[in-house]
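K.L.:
Let's see this in three dimensions:
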Amino acid sequence: MLFSYRLLWDRREGPYIHTNEQFRHYPPFTKAECLATGPVLDLSRNNIYHINQIFFTGAENITCLNLSSNFIASYFNGTEFTHFPRLKYLDLSHNRVYMRSDSALNELKELQVLDLSHNKHYFEVAGVRNSLAFMENLQFLKVLNLSWNEINSLTNKTLKSDSLKELQFQANRLDIMWKKDRGFKSLFKSLSNLTHLDISYNKLSEIPDDIFSYFPRTLTYLSMSKNTLANFEWEQLKYLPQLETLDLSKNKLSKVARTLSKHTSSLKVLDLSHNLIFKLHQSFLKDVKSLLILSLAFNRLQHISEASFQTGSDHYLRMLNLQRNPILCTCDFLDFILWLEKSEIVLPRLATDVLCDLPESKRGHPMVSLDLKNACINNSIAQMLYVLTSSIITVMMSTTIVIHVFYWDISYIYNFWRAKIKSYYLKMNDCTYDAFVMYDTKDPMVAEWVLNHLRFELEDRGRRVHPLCLAERDWTPGIPIMDNLNQSVNRSRKTIFVLTEGFVHSAIFKMAAFLAQQRLLEEGVDVMVLVLLEPVLRHSRILNLRRCLCGHSVLEWPRNSAAEGFFWQSLRNAVRLESQAAQYRAPGIVDVTHSLELGASCQYADAGPTGTHTGPSGGCREPTSAQLLCNETGPFADSPPLSEYCA
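P.N.:
Predicted coordinates for the structure are as follows:
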């Protein structure tokens with residue numbers, strides 16, 4: 001049964017306070033701020049569920065009333081506390097208060113602190129209208145606690161007060177309010193003198209891009225801790241020019257501002273503890289002159305550089321919290337330790353909680369216990385030697401691999417350009433013929449093309465090339481083919497190879513190519529001109545290189561008859577460019593016939609039944625310059641010595 005509470009007063013001592021310590025099994029529930037205001041009436045932790053003004057008489061001097069932890073479910077209309085004209089502190093926390101009327105608590109003209117925390121009952125009920133418009137009528141209200149109410153909707157979308165300085169708005173549902181209705185972005189905008197705002201525990205995973213522009217510009221303290229923020233728009237700090245303390249602890253931030261000074265110049269305390277930050281930019285605190293305390297405890301920082309904490313020449317950081325980070329204690333960390341020794345920055349729990357995580361041998365050791373100075377001085381020399389030797393080994397291995405894989409290509413290109421620079425010129429007086437034409441004499445179509453077309457175009461038409469050496473016309477009868485071939489190649493300024501599919505596999509072509517290559521090696525002059533009547537040697541490395549280095553010496557018979565004139569002119573130019581072609585000496589270079597994949601043999605068309613060239617008596621003739629080649633190895637690694645084909 002509800003009964004009226006009559007205050008018992010001692011006229012000399014004020015309100016009666018029970019002194020029996022055994023009566024109180026729990027410490028007083030009244031807050032220190034409440035006690036500081038003056039006379040206190042503590043009715044907390046009772047079974048009060050309704051308030052009527054007749055309950056309280058003789059309470060004119062009470063400045064703090066504690067009604068927390070009851071079952072009050074009253075609908076306040078401005079008459080309940082008329083007997084408390086001097087009340088400054090009212091604690092209604094842990095009840096079921098229903099705030100709807102605009103005239104609620106109007107009778108408390110001097111009220112400064114109002115605690116409505118933990119009154120979520122009516123705020124959670126769907127369809128119930130809740131209003132906080134009464135705030136506008138409390139002219140002296142400075143502190144309002146609305147925490148832990150699960151507020152997700154209000155009839156008034158803007159809180160209005162010219163006197164409120166501190167608002168506790170923890171554990172509500174701003175995430176729903178800001179997403180559901182853009183009007184709630186202005187919820188705090190009309191709190192013109194607000195300096196402290198706490199919106200922690202609001203389940204914010206993100207914040208609207210421009211939300212800070214709706215916050216009072218008078219804010220000096222802002223707490224957004226204990227949310228689930230993965231990203232923070234540091235650029236929005238420009239809307240809070242007086243902000244001194246920013247608490248972003250216990251979120252899921254992984255990155256920080258690249259340069260904090262670009263976004264704020266007033267911040268003194270920044271709490272980033274209990275996040276997922278793994279890296280700080282070197283310019284993080286560049287030109288920051290106001291920051292005094294920075295907490296990075298319980299993050300994932302491994303690499304820490306002193307450059308990240310140098311705030312400027314005028315002001316320096318005073319306290320830096322790095323507890324419980326997986327610090328990598330290597331020589332890269334030495335610069336930070338040396339800087340720390342010279343600075344006056346305080347690191348809380350430096351000897352117990354600032355520990356190394358890697359390497360394994362140092363895990364769990366305090367950072368300050370490591371002697372990195374002596375160890376890293378030696379390591380710096382070792383590191384230099386390591387880099388030097390590693391570079392040398394890498395270069396040597398790379399060079400070896402390149403030479404092994406691309407030796408022939410590199411050698412060919414090198415010797416080609418060396419010969420270009422050397423510009424070796426063959427004297428005209430040394431040559432009997434301008435060009436020796438090497439073709440398949442056994443193929444009547446090829447022979448007819450050479451004698452009737454190629455000879456005609458080069459000797460009888462246009463800018464004539466003469467004389468030409470043709471086997472069927474100019475070889476001396478009775479002389480061995482080897483000698484004729486040798487003399488023709490060596491007495492001609494160019495050797496034109498007319499290539500067909502069958503001819504490139506013949507022995508005489510291989511021998512002619514061998515002799516032309518000998519001139520390349522011994523005299524340093526490139527005499528080869530390749531005319532492809534058919535698409536042969538498509539995968540030949542030397543053919544592809546010659547196309548790149550001296551493309552004028554590789555010609556293909558055009559399929560379009562309209563291009564034949566250009567072909568003949570190109571052939572004339574290739575024969576006449578006696579010194580401008582690729583002329584070079586290439587000792588040790590792989591034989592051209594090897595690169596053309598032509599096979600090896602010293603046999604030729606008029607060889608005897610044993611594959612040898614015989615004289616009249618069946619024996620070997622006197623060794624000629626051509627026969628001396630038979631003492632050499634064939635143009636392939638697996639070829640037999642050329643002497644096998646000589647009698």
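
K.L.:
And the closest residue to A471 other than its chain neighbours, how close does it get to W475?
P.N.:
The shortest distance from A471 to any non-neighbouring residue, by CB to CB, 6 or more residues apart in numbering, is to T441 (6.0 Å). Every C-beta, even on glycine, is put in place using the N, C-alpha and C of the backbone. Plainly put, T441 is 10 Å away from W475 if you go by CB to CB, to the nearest Å.

K.L.:
Can you check the pLDDT for N66?
P.N.:
With respect to pLDDT, N66 has a value of 95.

K.L.:
Thought L43 was touching it, still the case?
P.N.:
Yes - with contact defined as CB atoms under 8 Å, N66 reaches L43; the gap is 6.4 Å.

K.L.:
Compare those two (neighbour count), which wins?
P.N.:
Per other CB atoms under 10 Å, whichever of N66 and L43 has more neighbours is N66, with 24 against 17.

K.L.:
Do a quick rundown of the helices in the stretch 351-500 of the chain.
P.N.:
For the stretch 351-500 of the chain, helices defined by DSSP state H, counting those that start in this stretch occupy the ranges 372-422, 444-449, 455, 471-474, 481-490.

K.L.:
now for these, which one comes closest to L276?
P.N.:
For the helices of the stretch 351-500 of the chain, proximity to L276 was assessed by CB to CB; helix 372-422 is nearest, at 27.0 Å.

K.L.:
In CSV, list the C-alpha atoms belonging to stretch 504-520.
P.N.:
This file holds the C-alpha atoms of stretch 504-520, laid out as CSV (Å, rounded to 0.1, in the frame of the first residue of the first chain):
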residue,chain,number,x,y,z
VAL,A,504,67.5,-26.5,-98.2
HIS,A,505,68.0,-30.2,-97.3
SER,A,506,70.5,-30.9,-100.1
ALA,A,507,74.2,-31.5,-99.5
ILE,A,508,75.5,-28.9,-102.0
PHE,A,509,73.4,-26.2,-100.3
LYS,A,510,74.8,-27.1,-97.0
MET,A,511,78.4,-27.0,-98.3
ALA,A,512,77.8,-23.6,-100.0
ALA,A,513,76.3,-22.2,-96.8
PHE,A,514,79.3,-23.6,-95.0
LEU,A,515,81.7,-21.8,-97.4
ALA,A,516,79.8,-18.5,-97.1
GLN,A,517,80.0,-18.9,-93.3
GLN,A,518,83.7,-19.4,-93.6
ARG,A,519,84.0,-16.0,-95.3
LEU,A,520,81.9,-14.5,-92.5
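
K.L.:
mind giving me the domain split of the protein?
P.N.:
253-370, 428-645 (automatic domain parsing).

K.L.:
wait, which of those is closest to M397?
P.N.:
Nearest of those to M397, taken as CB to CB: domain 428-645 at 23.4 Å.

K.L.:
Contact partners for the closest residue to V504 other than its chain neighbours?
P.N.:
Of all residues not flanking V504 in the chain, V536 sits nearest, at 5.4 Å (CB to CB, 6+ apart). Contact analysis of V536 by CB atoms under 8 Å, 6 or more residues apart in numbering lists 499-501, 504.

K.L.:
Can you say which of those are buried?
P.N.:
Buried subset of those (neighbour count, 16 or more other CB atoms under 10 Å): 499-500, 504.

K.L.:
Which helix or strand contains L571?
P.N.:
In this structure, L571 sits in helix 564-576 according to DSSP states H and E.

K.L.:
returning to what we had before: of all the contacts of V536, which two lie farthest apart?
P.N.:
L499 and E501 (8.3 Å).

K.L.:
joint contacts of these two?
P.N.:
534, 536.

K.L.:
so who does the nearest residue to D440 once chain neighbours are set aside touch?
P.N.:
Take D440 and drop its neighbours on the chain: the residue closest to it by CB to CB, 6+ apart is F503, 3.9 Å away. Shown in contact with F503 (CB under 8 Å, 6+ apart): 439-440, 443, 446, 509.

K.L.:
The residue nearest to A471 - how many residues pack around it?
P.N.:
The local packing of T441 (other CB under 10 Å) involves 16 other residues.

K.L.:
my read: it touches E472, true?
P.N.:
Yes - using CB under 8 Å, T441 is in contact with E472, at 6.1 Å.

K.L.:
shared neighbours, the two?
P.N.:
Common neighbours of T441 and E472 (CB under 8 Å, 6+ apart) are A447.

K.L.:
secondary structure class for L167?
P.N.:
With DSSP: H, G, I helix; E, B strand; the rest coil as the basis, L167 sits in strand.

K.L.:
quick one: it from L334, how far?
P.N.:
L167 is 47 Å from L334, by CB to CB.

K.L.:
Mind checking which of the two has more residues around it?
P.N.:
Remark: of L167 and L334, L167 carries more neighbours, 23 against 18, as counted by other CB under 10 Å.
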